[in-house]
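Visitor: With the sequence up front, the predicted model follows.
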Amino acid sequence: MTKYLLLKHYRGAPEAVNCVPMDQWTPAEIEDHLQFMADFATRLEGTGEYVDGQALSPEGTFVRYDGEGRPPVTDGPFAETKDLIAGWMVIDVDTYERALALAGELSAAPGAGGKPIHEWLEVRPFLSAPPTVTE
Amino acid sequence: MDELLLRQLTPAVIGVLVRRGVDFATAEDAVQEALIQAAMTWPDRQPADPKGWLVTVAWRKFLDAHRSEASRRDREQRAQVEPPPGPTETADDTLQMFFLCAHPSLTPASAVALTLRAVGGLTTRQIAQAYLVPEATMAQRISRAKRTVGDVRFEEPGNLATVLRVLYLVFNEGYTGDVDLAAEAIRLTRQLASMTDDEETAGLLALMLLHHARRPARTRRDGSLVPLTEQDRSRWNTRLIAEGVDVLQTALGRDRLGEFQAQAAIAALHADAPRAEGTDWVQIVGWYDELLRLTGSPIVQLNRAIAIGEADGPVAGLGALATVDPGLPRHSAASAYLHEKAGDLLTAARLYADAARSAPNLAERDHLTRQAARINHALRG
């Protein structure tokens, strides 16, 4: 089993095919989308592959150490940050192919007009614990 | 087995051990072990004197823990100094435990965790689940909290205001899983109210009861939020409302107003309206004025502006909102609501979309996005 992070971006990913923003959808289209997302997570819980899912607020701040006895320096939030993560889902699956297949299904969540969003999701494997048997 | 009885006895039993000279952290551990043993053995046979049983078992657990650390000679000496179980003042001990666990030296998160464990009798695992943190993290938070209050004298006069704030936090934040935190907060506040003669404690209890009464109508089956005006009021719990109003009236009758009583009065006015249109907004604005006088809180200012929008019309509401800091959470949502009522749909839709982007939780974000979508949909005709 390997854990994969499925990353959804506010910005930074290539543009989705069906990229109408959500506040321009009809109320029924929003219901369908939210239902799809909830069903997807429930189904993966059922197959024993769901680990975690969280959504992030778009507002973020960069912070760094600024030397002994000084408060940390902050910068941002940046309106023009190239890459902005919207949220993630962590799955634990047998193969890379399975991770890709699930990300593909998630990307087909319905959007405007009830049609799949075709959103780009980023799939990143976790670095795992070292195995016991290595030779 | 009566689990609630067990949990209700928890703080008093810790108190007995502390009065016998055991330090608080050790006493708390011993009582948790006694609770676990009770959970295993009481289902078969509940003792006639549950509290006496818990004191005896917790005392043995404490002695066992000490014996295992001490030398044989020490052990024999300690066994001889075991005091006979004497009479104790239950109410006092329990109240002191509320004060200790919400001690002003603790951070709010630590005070909440310690209160749920040592006063509420919950396990560390249950508390961790309610706040979605790993059990080990919660265990550390609790043991640090115990160390922080380690030197506090048990009889030290308590600070009721911090206790109320902690109980309010338990009621208002956290996830409902294995343990219903809102119900637990009500249980503890009820217990506190029975031991104190304090209007604000009663006010907080009333506030909790009145909000808890709306719970069946507050969310749809899919978890989405139903705004107050759209809730099916026939699903409000009338028994809780009646009790809340009763508790509040008694408190208000003593003419020592505080912020929890004022908040409860607003909730009671909502509860009093069989339909949303029948809400007495003029009186609600009056209570917000009182609340603002008591707290000076900008969040109260924001809610007051919405109430003025209902009482005197959206233009008056927007006028009141103009004096409120626009950086406040939910400012755009309030402004969107008032703009829609004023007929400015384009601005309302834009503000709802803004509000969704800065929403502090998913349920609110989804709700605000739906509002924007609903107006945009209507605008397209």
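Guide: Okay, I see it.

Visitor: and the closest residue to A:Gly12 other than its chain neighbours, how far is that from A:Glu15?
Guide: Spatial nearest neighbour of A:Gly12, chain neighbours left out: A:Asp83 (3.2 Å); criterion: CB to CB, 6 or more residues apart in numbering or on different chains. For glycine as for every other residue, the C-beta is placed from the backbone atoms N, C-alpha and C. Using CB to CB, to the nearest Å, A:Asp83 is found at 14 Å from A:Glu15.

Visitor: and what of B:Lys146?
Guide: The spacing between B:Lys146 and A:Glu15, counted by CB to CB, is 54 Å.

Visitor: Now do the end-to-end distance for stretch A:15-24.
Guide: One end of stretch A:15-24 sits 17 Å from the other (CA to CA, to the nearest Å).

Visitor: And the helix with the most length in chain A, what does it pack against?
Guide: The longest helix of chain A (DSSP state H) is helix A:27-46. Applying 3 or more CB pairs under 8 Å, 6 or more residues apart in numbering or on different chains; DSSP states H and E, we find helix A:27-46 packed against strand A:50-55, helix A:96-107, helix B:362-380.

Visitor: could you dump those to a markdown table with distance to A:Leu121 and mean pLDDT?
Guide: Shown next, in a markdown table, are those (distance: least, CB to CB, whole Å; pLDDT from 0 to 100):
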| stretch | distance to A:Leu121 | mean pLDDT |
| --- | --- | --- |
| strand A:50-55 | 12 | 93 |
| helix A:96-107 | 5 | 96 |
| helix B:362-380 | 18 | 94 |
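
Visitor: Where does the prediction get shaky in chain A?
Guide: Low-confidence segments of chain A, defined by pLDDT under 70: A:78-81.

Visitor: whoops, I mixed them up, the stretch 151-300 of chain B
Guide: B:176-177.

Visitor: so how far is chain A from the residue lying closest to B:Asp325 once chain neighbours are set aside?
Guide: Distances taken as CB to CB, 6+ apart put B:Pro298 closest to B:Asp325, at 5.6 Å, once the chain neighbours are dropped. To chain A, B:Pro298 is 19 Å away according to CB to the nearest CB, to the nearest Å.

Visitor: which ones are touching B:Pro298?
Guide: B:Val324, B:Asp325, B:Leu328 (CB atoms under 8 Å, 6 or more residues apart in numbering or on different chains).

Visitor: Could you tell me the angle between the longest helix of chain A and helix A:96-107?
Guide: Angle of helix A:27-46 versus helix A:96-107, following axes from the mean of the first three to the mean of the last three CA atoms, to 10 degrees, is 160 degrees.

Visitor: So which residues make contact with helix A:27-46?
Guide: Contacts of helix A:27-46 (CB under 8 Å, 6+ apart): A:22, A:25, A:50, A:53, A:89, A:91, A:102, A:105-106, A:109-114, B:222, B:224, B:366, B:369-370, B:373-374, B:377.

Visitor: ok, now how distant is the residue in the stretch 1-150 of chain B positioned nearest to chain A from B:Ile142?
Guide: Relative to chain A, the nearest point of the stretch 1-150 of chain B is B:Leu132 (10.0 Å; CB to the nearest CB). B:Leu132 sits 16 Å away from B:Ile142, going by CB to CB.

Visitor: and those two? which has more neighbours close in?
Guide: Between B:Leu132 and B:Ile142, B:Ile142 has the larger neighbour count (other CB atoms under 10 Å in any protein chain shown), namely 21 against 11.

Visitor: ok, now which ones touch the residue in chain A that chain B sits nearest to?
Guide: Proximity of chain A to chain B (CB to the nearest CB) peaks at A:Asp23, 3.6 Å away. A:Asp23 makes contact with B:Ala349, B:Tyr352, B:Ala353, B:Ala356, B:Thr369, B:Ala372, B:Ala373, B:Asn376, according to CB under 8 Å, 6+ apart.

Visitor: Next, the second one: secondary structure please.
Guide: It refers to B:Tyr352. Assigned with DSSP: H, G, I helix; E, B strand; the rest coil, B:Tyr352 falls in the helix class.

Visitor: ok, it to B:Ala334 distance?
Guide: Taken as CB to CB, the span from B:Tyr352 to B:Ala334 is 11 Å.

Visitor: Same question for the fifth one.
Guide: Summarising the geometry, the distance separating B:Thr369 from B:Ala334, computed by CB to CB, is 17 Å.
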